[in-house]
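In: 3D model of this:
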Amino acid sequence: MAVVHPDRGEIDAVALSFVDHGTFHRGDEATDTRCAVARAVEDVSEETAHRLMEINTFAAVRIARLVLPTMRRRGQGRIVNLSSAAGRSVLPLGGWYGASRAASAALTHALRMELTGSGVRVVLIEHGFHATGLLDDAVRSLTPPSGISTRFADCYRDAAAALSDSTKFNGPEHAAATVQKALTARRPRARYTVGMDARVAAPLIASVPYAVSDPVKRLVVGLSGPQVMSRFVSSLGAFSHRSKEKTRP
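Out: The predicted model follows:
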């Protein structure tokens, strides 16, 4: 993908700046970055998969590991990690992205419990579909033709067309406001969700038996029967636009 992301050295430099100067954004706070890949599991190269996991999962842990000694000494601090509804309800073509998000959520949950009583608060933010660079990442990752299956190639083409219209989705403003809230609230929640698709649709779909949800998901991306991704994305966008963008723990 033609996307520039921070390498390990840059991550270390940011974290060590916090250690040296004691400031990061508004104070004792740390946040992280993300990227997206949308392809079949076997159609993602090992290099790309490692890069995705490095950015979406390991980078946040690396930053936490570097800044936590300072936070512990001060007896206060805050770590805010970003995850996604894709980690709770995965679609075909979203296996690697969903895995990176699910791993981030699990690690954040464990870290929060492990740091109880230290004065360091750990917060997870799960977002749904919205128009950011992540959407652009996903569309770019769909551009190369599949080397595995013509069916995958057709799915990539249709999915890219469906996701290319960013006007269907809310912008990043609500997500940014939620990050700000998580960083500044006196008593932040353990988890915030952004968008109705993350708050309602993803948990609901995840609760449906696989025997029911799997065929529907395959149909949505065009792996069985006519491709209906465009209608699905439009529905998600409409669902998101109706959201009042409230958050819940």
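
In: From now on I want contacts and neighbour counts done on CA atoms only, so please keep to that.
Out: Noted.

In: Quick one: the strands in this structure, in order.
Out: 29-30, 77-84, 120-127, 191-194 (DSSP state E).

In: Quick check: which ranges of the chain have low pLDDT?
Out: 1-34, 225-249 (pLDDT under 70).

In: show me where it has helices.
Out: 8-21, 46-53, 59-74, 95-114, 133-141, 150-163, 173-184, 196, 202-207, 210-221, 229-242 (DSSP state H).

In: for those, which one sits closest to V122?
Out: Taking Cα to Cα, helix 95-114 is the member of the helices of the chain nearest to V122, at 5.0 Å.

In: which outside residues touch that closest one?
Out: Contact partners of helix 95-114, identified using Cα atoms under 8 Å, 6 or more residues apart in numbering, comprise 36-41, 49, 52-53, 56-57, 61, 81-84, 86-90, 121-124, 190.

In: Give the buried residues for it.
Out: Judged by neighbour count using 16 or more other Cα atoms under 10 Å, the buried positions of helix 95-114 are 95-105, 107-109, 111-112.

In: What is the nearest of the residues you listed to T132?
Out: Looking across these and measuring by Cα to Cα, the closest to T132 is Y97, at 15.4 Å.

In: measure that closest one to A105 for me?
Out: Y97 is 13 Å from A105, where distance means Cα to Cα, to the nearest Å.

In: try A86
Out: For A86 relative to A105 (Cα to Cα), the value is 11 Å.

In: ok, now D165?
Out: Counting by Cα to Cα - D165 and A105 are separated by 28 Å.

In: can you redo the strands of the chain as a markdown table with mean neighbour count and distance to I148?
Out: Output for the strands of the chain, formatted as a markdown table (neighbours: other Cα atoms under 10 Å; distance: least, Cα to Cα, whole Å):
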| stretch | mean neighbour count | distance to I148 |
| --- | --- | --- |
| strand 29-30 | 23 | 40 |
| strand 77-84 | 24 | 28 |
| strand 120-127 | 24 | 31 |
| strand 191-194 | 24 | 35 |
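
In: Can you convert these into CSV and add a column each for distance to G171?
Out: As requested, those are exported to CSV (distance: least, Cα to Cα, whole Å):
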stretch, distance to G171
strand 29-30, 23
strand 77-84, 15
strand 120-127, 12
strand 191-194, 11
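
In: Among those strands, which comes closest to T70?
Out: It is, among the strands of the chain and with distance given as Cα to Cα, strand 77-84, at 8.8 Å.

In: one step back: need the winner for burial among the helices of the chain.
Out: Greatest average neighbour count among the helices of the chain goes to helix 196 (a mean of 24), per mean count of other Cα atoms under 10 Å.

In: Can you spell out which helices and strands pack onto it?
Out: helix 229-242 (3 or more Cα pairs under 8 Å, 6 or more residues apart in numbering; DSSP states H and E).

In: As CSV, could you dump the C-alpha coordinates of stretch 121-135?
Out: C-alpha atoms of stretch 121-135 as CSV (Å, rounded to 0.1, in the frame of the first residue of the first chain):
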residue,chain,number,x,y,z
ARG,A,121,-6.1,4.6,33.5
VAL,A,122,-6.4,2.6,30.3
VAL,A,123,-9.3,3.3,27.8
LEU,A,124,-10.4,1.5,24.7
ILE,A,125,-12.3,3.3,21.9
GLU,A,126,-14.1,1.2,19.3
HIS,A,127,-15.3,3.0,16.2
GLY,A,128,-17.4,1.9,13.3
PHE,A,129,-17.3,3.0,9.6
HIS,A,130,-16.3,6.6,9.2
ALA,A,131,-14.6,8.6,6.5
THR,A,132,-10.9,8.7,7.4
GLY,A,133,-7.5,7.6,6.0
LEU,A,134,-8.4,4.1,7.1
LEU,A,135,-11.1,3.9,4.5
